[in-house]
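A.B. asks: Generate coordinates for the sequence data below:
(one chain, ligands or ions: 2)
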Amino acid sequence: MAIRQIITAPDPRLRQVSKPVPEVNDDLRALMKDMLETMYDAPGIGLAAIQIGEPVRVIVMDLAGEGEEPAPRYFVNPEILDPSDDMNLHEEGCLSVPEFYDEVERPAKCRVKYLDFDGKEQLLEAEGLLATCIQHEMDHLEGVLFIDHLSRLKRERVLKKLKKEQRLAAE
Ligand code: GNR
Ligand code: NI
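C.D. replies: Ligands and ions are numbered 1, 2, ... in the order given. Sure, this is the predicted structure:
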């Protein structure tokens, strides 16, 4: 297992559309373990493979609170089904958009069809933070960031600040 570097905006790799996984095998499980370790180290509650530079449709997540048993979840080739009409406003952050948080409106509930760590098909009912997080991660698979749901002014402001920080860090 290894902690991998998390790519940050405006890196163009984050805009790629990730490819479906043909098979859940040991190579993929090794990638998912690296993703989980990287996510715990950051720390974050979810991570899409593209955030460590792998353009494949894989997500890991753990919503367990501090002091609770770890509860890792693995989603391969996830699909969102039946998003609810009722919406939910939730404050979001992203490991690829460091130190910026804002509220995003998304369907409050949805179902998720996916393959688990063993390649077995699963159907999950999601609401609350789980629904928010899975939709945030699904966006990453399409090259979309949560700041894309905000006003252009806010988005440009954040991206400008990140660019400046990266320029200063490179000096
Ligand atoms: O760690 C994370 N927290 C979070 C909070 C609210 C909504 C979504 C998230 S996901 C984020 C980690 C991340 O960037 N995943 O892509
Ligand atoms: Ni994110």
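A.B. asks: In the protein, which residue sits closest to ligand 1?
C.D. replies: Closest to ligand 1 within the chain is G44: 3.0 Å, counting by Cβ to the nearest ligand atom. Where you see a C-beta, it was placed from the backbone N, CA and C, and this is true even at glycine.
A.B. asks: show me what contacts that residue?
C.D. replies: The contact partners of G44, by Cβ atoms under 8 Å, 6 or more residues apart in numbering, come to L95.
A.B. asks: Pull up the gap between it and A169, please.
C.D. replies: Plainly put, G44 is 20 Å away from A169 if you go by Cβ to Cβ, to the nearest Å.
A.B. asks: Ok, D85 next?
C.D. replies: Distance of D85 to A169, computed by Cβ to Cβ: 44 Å.
A.B. asks: what kind of secondary structure is M39 in?
C.D. replies: Three-state assignment for M39 (DSSP: H, G, I helix; E, B strand; the rest coil): helix.
A.B. asks: Just to check, it is in contact with L47?
C.D. replies: Yes. M39 lies in contact with L47 (Cβ atoms under 8 Å); the separation is 4.1 Å.
A.B. asks: Which one's more surrounded, those two?
C.D. replies: The residue with more neighbours, out of M39 and L47, is L47; 29 against 24, by other Cβ atoms under 10 Å.
A.B. asks: Quick check, pLDDT for that one.
C.D. replies: With respect to pLDDT, L47 scores 99.
A.B. asks: Can you classify it as helix, strand or coil?
C.D. replies: L47 - assigned by three-state DSSP - is strand.
A.B. asks: next one: D34
C.D. replies: Per three-state DSSP, D34 ends up helix.
A.B. asks: What degree of burial does it show, as a neighbour count?
C.D. replies: For D34, the count of nearby residues is 19 (other Cβ under 10 Å).
A.B. asks: Identify the residue nearest F146 in space, chain neighbours excluded?
C.D. replies: E92 (4.7 Å; Cβ to Cβ, 6 or more residues apart in numbering).
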